[in-house]
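>>> here are the coordinates; sequence isn't available:
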């Protein structure tokens, strides 16, 4: 089995010094890569900038990228050959319309930036997904969590979306733990309690493998 995983944040440069990014550490995506590899899968891990070392498992190939466009291009290269796609990265939705060649100097009381929309990696790949491929998305929400997550599942052609809320203590960015709900395209909902991200990865991988086994025997 071949698995494509995106992980970590993306950084969009404002100038040679500054960027637009987010607080993603990449821990969830890396834990998923290691768990899939432990199950015998060949994994391509497309990682944004993180402080995590490349996984040591020889079955994991790590591709380092910086921007959303770079992540999209790397994922597109691998997607057709992968059986499972896992979009665990926190991709910047927008980037600066122009990147300053020199450091932007402080001037005046305000600074106005023009931002343009980045490519939606999961949505674009979702248009190309074959029936036998399985796609996992993530939804980190702060309000109307399930409504937004299910909308994302439909729009991006996911088979399951992993919902986590920043309103849950110990969940989301900068934690070693997470609390997730798996929302499947067939309407199944599975709620897991707060646990270590390594254990969350095992729950997700078990769910995916069970679904793939069911499809194979259907």
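Cool, got the structure. Bear in mind that the values here come from a model prediction, so they are computed numbers and not experimental data.

>>> Quick one: the strands in this protein, in order.
2-7, 12-13, 19-20, 42-47, 60-64, 84-87, 94-96, 115-117, 134-141, 160-165, 177-178, 181-184, 189-191, 195-196 (DSSP state E).

>>> where's the residue sitting furthest away from the middle of the chain relative to residue 200, distance?
Residue farthest from the centre of the chain, counting by CA atoms, centre = their mean, is residue 108 at 37.5 Å. Per CB to CB, to the nearest Å, residue 108 is found 46 Å from residue 200. (C-beta placed from N, C-alpha, C; glycine too.)

>>> Have a look at the chain and report its longest helix.
helix 197-217 (DSSP state H).

>>> could you give the mean pLDDT of it?
Averaging pLDDT along helix 197-217 yields 90.

>>> Could I get the buried residue list for that helix?
Applying a neighbour-count criterion of 16 or more other CB atoms under 10 Å, one finds 197-205, 207-209, 211-212 buried in helix 197-217.

>>> Ok, stretch 120-136 next?
Of the residues in stretch 120-136, 121, 122, 125, 126, 129, 133, 134, 135, 136 count as buried by neighbour count, 16+ other CB under 10 Å.

>>> which helices and strands does the helix or strand of the chain with the lowest mean pLDDT pack with?
Sorting the helices and strands of the chain by mean pLDDT, DSSP states H and E puts strand 177-178 at the bottom, at a mean of 84. On a contact count with 3 or more CB pairs under 8 Å, 6 or more residues apart in numbering; DSSP states H and E, strand 177-178 meets strand 195-196, helix 197-217.

>>> Just send these back as TSV, with distance to residue 12 too.
Formatted as TSV, those follow (distance: least, CB to CB, whole Å):
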stretch	distance to residue 12
strand 195-196	31
helix 197-217	25
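
>>> Show me the one of those that comes nearest residue 101.
Nearest of these to residue 101, taken as CB to CB: helix 197-217 at 39.2 Å.
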